[in-house]
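**Student:** Give me a model of this one.
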Amino acid sequence: MALTSNVATLTAETPPFTVATLVTGARLDSWLAVGLLLAGALYLYGTHRLRMRGDRWPVGRTIAFLGPGLGTLALVTVSGIGGYDTTLLSVHMLQHMALSMVAPIFLALGAPVTLALRTLPARPRRTLLAALHSKVAAVLAFPLVAFGIFVANPFALYFTSLYEQTLRHEWLHEVMHAHFIATGCLFFWPLLGRDPLPGRWPYPARALLMLLSVPFHTVLGLTIMQQKNLLGGDWYPSLNLSWMDPWADQVTAGGVLWAGGELVSVTMLAVLVVQWIKQSRQEAARIDRQLDREEAAQAAAEAAAAAGSAAGTAAGSAQADADGAPHDHEITSPLRMSA
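**Tutor:** Purely as a prediction, here's the structure:
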């Protein structure tokens, strides 16, 4: 009866999804909204502390973290999109992509762990370093482990009864949001390598791992599009929305997951390739500088040796000249000779 009442209330209060509902359907009373504000405030405070002591922090990192990072999380959770994530499966899939793939990439580009290590007091900093170097962090951040969690989670969620339970229990739905964010950060942060996290591989291995993730999103999206059963059980039909067909919406949801997953994966792969090329150029420049220093040192040594040899030769010539010149007692006076 309680479930029927909740569904009736949801149906009565849910107009068709439009652009206007992004604003009118916003919710600022969730724990995630508070968490986003707190994260943004702490990040800005950290950059302020660096400026106060005369250190620099790249502006691009701040923009990435606050804008497309926290901004994407806010867009799909506290705006009208978040208000429709239990009404339309397609909206939920859009939210899924943003929480697990888009936002974590930009959060990683903001390097919040590095900022924390540079601004925290001694004791919290030691605690953070201990957590980063713990065995648990090493296992979870190992690329193959993070890859397995990232790939397997959607299949475990959508093809079991777990997804239906997240629709019927709001607290579990919020846990799912946090889980999406955590798994995305766990997978993407070591790949981007901006923070001193364990499990960072060379760039060729990172690019290969990102490339391997593309087929899984394709398979998942196509499977959902061709599914004979509705995800979420009878939840969506029970809403009785006249403007929404659950079957057509499920096909749209699968398409969102398929196309969105490939788009983000290919973009991320391009980012890794660019970083790889940049690192290769930096390494080549470093090797060139090292060779220049070695050549300069060798040239200086050869010049010093040549100078020493020239000085020795000059001294020897002077000594030879001195030895070959006649002495005063050996000079015969012309008068004595004539006498």
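
**Student:** Any stretches of the stretch 51-200 of the chain with poor pLDDT?
**Tutor:** Of all residues in the stretch 51-200 of the chain, none has pLDDT under 70.

**Student:** Show me the helices in it, by range?
**Tutor:** Taking DSSP state H, counting those that start in this stretch as the test, the helices found in the stretch 51-200 of the chain are 59-64, 71-77, 80-83, 89-97, 103-109, 112-119, 122-132, 135-140, 143-158, 162-168, 170-192.

**Student:** To Ala39, which of the ones you listed lies closest?
**Tutor:** With Cβ to Cβ as the criterion, Ala39 lies closest to helix 112-119 of the helices of the stretch 51-200 of the chain, at 8.0 Å. Glycine gets a C-beta too; all of them are placed from N, C-alpha and C.

**Student:** neighbouring contacts of the closest one?
**Tutor:** 43, 45-47, 49-50, 55, 57, 61, 65, 125, 128-129, 132, 194-197 (Cβ atoms under 8 Å, 6 or more residues apart in numbering).

**Student:** contacting residues for the most centrally placed residue in the chain?
**Tutor:** Computing the C-alpha centroid of the chain and ranking residues by Cα atoms, centre = their mean puts Ala108 first, at 3.3 Å. Counting by Cβ under 8 Å, 6+ apart, Ala108 touches Cys185, Phe188, Trp189, Leu192, Arg194, Asp195.

**Student:** Quick check: of those, which lies closest to Ala299?
**Tutor:** Arg194 (39.5 Å).

**Student:** Number of residues surrounding Ala299?
**Tutor:** 10 (other Cβ atoms under 10 Å).

**Student:** how far away is it from Arg289?
**Tutor:** Separation of Ala299 from Arg289 (Cβ to Cβ, to the nearest Å) stands at 15 Å.

**Student:** quick one on the thing from earlier: and the contacts of Ala108 as JSON lines, adding neighbour count and distance to Val23?
**Tutor:** JSON lines is the format used below for the contacts of Ala108 (neighbours: other Cβ atoms under 10 Å; distance: Cβ to Cβ, whole Å):
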{"residue": "Cys185", "neighbour count": "20", "distance to Val23": "28"}
{"residue": "Phe188", "neighbour count": "25", "distance to Val23": "30"}
{"residue": "Trp189", "neighbour count": "24", "distance to Val23": "32"}
{"residue": "Leu192", "neighbour count": "21", "distance to Val23": "32"}
{"residue": "Arg194", "neighbour count": "18", "distance to Val23": "33"}
{"residue": "Asp195", "neighbour count": "18", "distance to Val23": "34"}
